[in-house]
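> build the 3D model from these lines:
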Amino acid sequence: MKRMIPITIVVALILFLGIGFYYANKLQHIHIQRTVSIQANAQMVFNNVLYLENFTKWSPFYEADPTQKTVVKGNDGQVGAQFHWEGNNGKDLGYQEIKAVRPLEYIEMKCDIQKPFKANPTFEYRFSNAGNIVKVVQDFNLKSGMVDAFFMWVFGAKKDMEKMNARGMELLKLACEK
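A predicted model of the protein is given here:
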């Protein structure tokens, strides 16, 4: 009987790790796509995403921590401009940078997250309009190693990312339709 306890623990641990790495393998590349239709002027919607000074109007991260410190560096609205943040009493730190712009059609941003974990996700925004309705498609992509993916599985990080991205698009809609 005494021998069964360690064997059971080892089998449970192997099973946990096996299942964990199976699911972690699926989390090495996370792609989340969200679409929102906004009843507003196309230029205004585009500018709310392009100009980083507007980010606090619709950022789900700013909504969660309105005391965070933010600063825009570079020429806002142009490739190379950066939105830096430090929040959650120093526990959140990073920046996002505009990497590509096609006026009224496309914006690409890359994030450099330092805390609470290191990551480099990208956000791509595609804009199309019909009349007074602007459709915004946000593509979020994150590639990570197996160990990081394992911990994302353990802590359910993908669901949190999906909720934050959905909330960000809701907030963008609200900010633009005011």
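> so when I look at Glu63, I'm seeing a strand, right?
No: counting by DSSP: H, G, I helix; E, B strand; the rest coil, Glu63 is not found in a strand; it is helix.
> that one reaches Leu174, doesn't it?
No: between Glu63 and Leu174 there is no contact, the gap being 10.4 Å when judged by C-beta atoms under 8 Å. C-beta here means a position set from N, CA and C on the backbone, and glycine is covered the same way.
> show me the common contact partners of those two, please.
Taking C-beta atoms under 8 Å, 6 or more residues apart in numbering as the contact rule, Glu63 and Leu174 touch no residue in common.
> more neighbours, those two?
Neighbour count, other C-beta atoms under 10 Å: between Glu63 and Leu174, Glu63 has more, with 15 against 12.
> contacting residues for the more buried one?
167, 171.
> likewise the one 10 residues further on?
Contacts for Lys73 (C-beta under 8 Å, 6+ apart) come out as 81-82, 84, 95.
> could you do Ala175 as well?
Neighbouring residues of Ala175 by C-beta under 8 Å, 6+ apart: 48, 54, 57-58.
> which among those count as buried?
Buried by 16 or more other C-beta atoms under 10 Å: 48, 54, 58, out of the contacts of Ala175.
> is it true that the last one touches Leu171?
Yes: counting by C-beta under 8 Å, Trp58 touches Leu171, with 4.0 Å between them.
> can you redo the contacts of Ala175 as CSV with distance to Asn41, pLDDT and secondary structure?
As requested, the contacts of Ala175 are arranged in CSV below (distance: C-beta to C-beta, whole Å; pLDDT from 0 to 100; DSSP: H, G, I helix; E, B strand; the rest coil):
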residue, distance to Asn41, pLDDT, secondary structure
Asn48, 10, 97, helix
Asn54, 14, 96, helix
Lys57, 15, 94, helix
Trp58, 16, 96, helix
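> now render those residues as TSV, adding distance to Ala119.
Below are the contacts of Ala175 laid out as TSV (distance: C-beta to C-beta, whole Å):
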residue	distance to Ala119
Asn48	24
Asn54	23
Lys57	24
Trp58	21
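> which among the residues you listed gets closest to Gly131?
Set against Gly131, the nearest of those by C-beta to C-beta is Asn48 (18.7 Å).
> Provide a list of residues in contact with that closest one.
54, 57-58, 172, 175-176.
> now, which of those sits nearest Pro116?
Closest approach to Pro116 among these (C-beta to C-beta): Trp58, at 22.1 Å.
> quick one: the closest one and Ala64, what's the gap?
13 Å (C-beta to C-beta, to the nearest Å).
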